[in-house]
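J.: got a predicted structure plus its sequence, pasted below:
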Amino acid sequence: MNQESLLIEGDVNFSPSRQAWYEVADSATLELLKKDEDLFMHQSLSTPCLDVIAAAEGIYLTDTLGKRYMDFHGNNVHQIRHRNPFVIERVKQQMDTLPFCPRRFTNTTAIDFAGKLVSLLPQALNRVLFAPGGTSVVGMALKLARVVTGRHRVVSLSDSFHGASMDAIAVGGENQFKKYMGTLVPETKNIPQPVHYRSVFTPQADDTSYADELEKILQQDSQVGAFIAETIRNTDVQIPSRGFWQRVREICDRYGVLLILDEIPIAFGRTGTMFAFEHYGISPDILCLGKGLGGGIIPFAAMVTKDSYNIAGDVSLGHYTHEKSPLGCAAGLALIEYLQSHKLLEKVQADSAFMAEALGELKNKYRLIGDVRGIGLLWGIELVRDRSTKVKAIEEAGRIMYSCLKNGLSFKVSQGNVLQLSPPLTITREELQKALSVLDTALAAETAVIAP
């Protein structure tokens with residue numbers, strides 16, 4: 001593994017900042033972290049853990065010593081806050097009557113939730129299949145695409161993530177999931193991520209040029225049956241243009257390729273609309289949902305597709321034990337009802353304007369910030385050592401993250417130098433300002449050690 005990979009925040013982080021973090025931890029916490037390390041299989045991005053969490057409520061995580069972190073990461077399950085009492089009460093009510101439904105049966109909660117979900121979507125998207133998690137949903141989508149098209153190859157975006165199972169990593173591109181795995185199925189071809197700040201095209205062109213790369217592959221390979229992508233890339237917040245997605249939709253239609261949109265981390269209000277594709281005036285052939293779908297309580301996911309694709313009755317696309325989970329469906333119903341009754345979509349749209357202005361001011365203030373990009377309550381701050389060369393400020397990003405953690409703000413670093421901010425949608429303006437103040441202080445301290 002190269003030195004840059006070792007410094008990128010995650011499991012394999014051997015930076016001085018990570019070591020210093022443990023040096024000031026109390027002995028009881030260190031003992032628990034050691035037990036965790038001794039009991040659980042080690043894996044990239046999960047081990048070693050940063051702290052031991054004892055409670056969660058609202059936007060806060062609380063550790064065993066009572067320290068609180070504002071959670072601007074949340075693994076994308078905390079749209080309507082941690083430990084939402086409305087969701088908890090609905091799940092408790094469901095537990096009192098029907099906590100589990102064997103797969104050969106159905107239940108009214110599952111039927112009600114399926115109906116509610118499709119009512120939020122374009123009329124053509126009216127068939128659902130549930131599963132315990134997003135990875136499983138992606139697998140079902142890939143199976144269905146083969147059944148519908150009769151073709152076995154897939155196109156995806158380079159360095160993408162769609163889950164951790166063998167079929168999901170085959171269509172993804174992140175190395176820490178593919179190492180040692182050998183030949184992967186389905187056969188996948190990649191096109192570059194449609195980015196603006198680090199465009200692969202020279203001179204930098206409109207991002208519809210990225211869509212042209214998809215057409216080039218389809219012109220040469222008649223066995224491609226699906227194109228899968230996140231509508232908006234979650235990890236380092238890459239936001240394609242409307243023109244890109246309009247062009248992709250046109251190309252997929254022309255070549256009879258199914259468009260699979262993975263909105264597992266970003267649906268249900270994160271971008272200011274219920275679903276991110278609504279920003280682009282398109283509709284997918286298959287939509288993958290998950291994470292926040294379970295209200296931050298129940299692992300739950302869904303595939304939504306068209307009635308005309310309901311042709312796989314003689315095969316098992318999913319066949320999961322908790323397929324029509326009454327608890328998952330109760331949580332999903334509560335999620336949607338809470339989003340709508342509290343008008344969170346409108347709130348997030350207002351928050352988006354506030355974040356754009358506030359982060360823009362930070363960019364003007366600190367040369368370390370090369371780019372700010374975001375929508376709704378999903379924001380990325382890309383740190384560079386030099387704005388003209390765009391050299392990644394990897395070590396600086398790590399130090400800033402640990403400074404923020406020390407002062408009660410938790411977020412993820414992606415690609416080694418992108419601070420990714422995704423708080424609960426229920427966050428107040430005062431809490432947003434408090435978090436940005438913590439970030440401002442960390443940036444100020446770091447900028448002071450950068451040579452002019």
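T.: That came in fine, so what should we check first?

J.: low-confidence ranges, the chain, go.
T.: 1-14, 173, 202-205, 448-452 (pLDDT under 70).

J.: and it, split by domain according to the record?
T.: Domain assignment of the chain by automatic domain parsing yields the ranges 3-80+344-447, 85-341.

J.: columns mean neighbour count on top of these, output as TSV?
T.: In short, each C-beta sits where N, CA and C put it, glycine included. Output for those, formatted as TSV (neighbours: other Cβ atoms under 10 Å):
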stretch	mean neighbour count
domain 3-80+344-447	17
domain 85-341	19
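
J.: how about the strands of the stretch 1-150 of the chain, start to end?
T.: Ranges of strands in the stretch 1-150 of the chain, per DSSP state E, counting those that start in this stretch, are 53-57, 60-63, 68-71, 125-131.

J.: describe which strands the longest one pairs with in its sheet and in which direction.
T.: As defined by DSSP bridges, the strand partners of strand 125-131 come to strand 301-306 (antiparallel).

J.: contacting residues around the closest residue to Val87 other than its chain neighbours?
T.: Nearest non-adjacent residue to Val87, counting by Cβ to Cβ, 6 or more residues apart in numbering: Gly295, 3.8 Å away. Each residue near Gly295 by Cβ atoms under 8 Å, 6 or more residues apart in numbering is listed here: 80, 84, 87, 91, 331-332, 334-335, 338.

J.: just to revisit the earlier point, the strands of the stretch 1-150 of the chain: which one's closest to Leu383?
T.: Proximity to Leu383 (Cβ to Cβ) singles out strand 68-71 among these, at 19.9 Å.

J.: for Tyr309, see how far away Arg83 is.
T.: 38 Å (Cβ to Cβ, to the nearest Å).

J.: how about the helices in this structure?
T.: With helices called from DSSP state H, the chain shows them at 3-7, 16-23, 27-39, 85-97, 108-119, 134-149, 166-171, 175-178, 208-220, 242-255, 326-341, 344-365, 394-406, 429-447.

J.: okay if I get those as TSV plus distance to Asn75?
T.: Output for the helices of the chain, formatted as TSV (distance: least, Cβ to Cβ, whole Å):
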stretch	distance to Asn75
helix 3-7	22
helix 16-23	20
helix 27-39	17
helix 85-97	16
helix 108-119	21
helix 134-149	11
helix 166-171	16
helix 175-178	16
helix 208-220	28
helix 242-255	26
helix 326-341	15
helix 344-365	19
helix 394-406	16
helix 429-447	18
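
J.: figure out which of the ones you listed is closest to Gly272.
T.: helix 344-365 (4.4 Å).

J.: go ahead and name everything in contact with the closest one.
T.: The contact list for helix 344-365 (Cβ under 8 Å, 6+ apart) reads 79-80, 269-274, 338-339, 369, 371-372, 374-377, 379, 381, 421, 425-427, 429, 432-433, 436, 439-440, 443.

J.: list the contacts for Ile260?
T.: Contacts of Ile260 were listed using Cβ under 8 Å, 6+ apart, and they are 138, 141-142, 145, 226-229, 284-288.

J.: hmm, back to that, can you tell me which of the helices of the chain comes nearest to Gly313?
T.: helix 134-149 (10.1 Å).

J.: packing partners of the closest one?
T.: The contact analysis (3 or more Cβ pairs under 8 Å, 6 or more residues apart in numbering; DSSP states H and E) places helix 134-149 against strand 125-131, helix 166-171, strand 224-230, strand 258-262, strand 286-289, strand 301-306.

J.: and the closest residue in space to Ala331 that isn't next to it in sequence, how far from Ala312?
T.: Take Ala331 and drop its neighbours on the chain: the residue closest to it by Cβ to Cβ, 6+ apart is Gly295, 3.9 Å away. As judged by Cβ to Cβ, Gly295 and Ala312 stand 29 Å apart.

J.: and if you look at Pro424?
T.: 37 Å.

J.: contact partners for the residue most central in space within the chain?
T.: Closest to where the C-alpha atoms of the chain average out (Cα atoms, centre = their mean) is Pro265, at 3.2 Å. Pro265 sits next to 76, 134, 230, 234, 290-292 when contact means Cβ under 8 Å, 6+ apart.

J.: now, among those, which is nearest to Gln123?
T.: Closest to Gln123 out of the contacts of Pro265 is Gly290 (22.8 Å), distances taken as Cβ to Cβ.

J.: and that closest one, how far is that from Asp207?
T.: 26 Å.

J.: can you check Gly332 too?
T.: 33 Å.

J.: also Lys347?
T.: On the measure of Cβ to Cβ, Lys347 and Asp207 end up 29 Å apart.

J.: for Val137, same thing?
T.: Taken as Cβ to Cβ, the span from Val137 to Asp207 is 27 Å.

J.: cool, and Leu425?
T.: Taken as Cβ to Cβ, the span from Leu425 to Asp207 is 27 Å.
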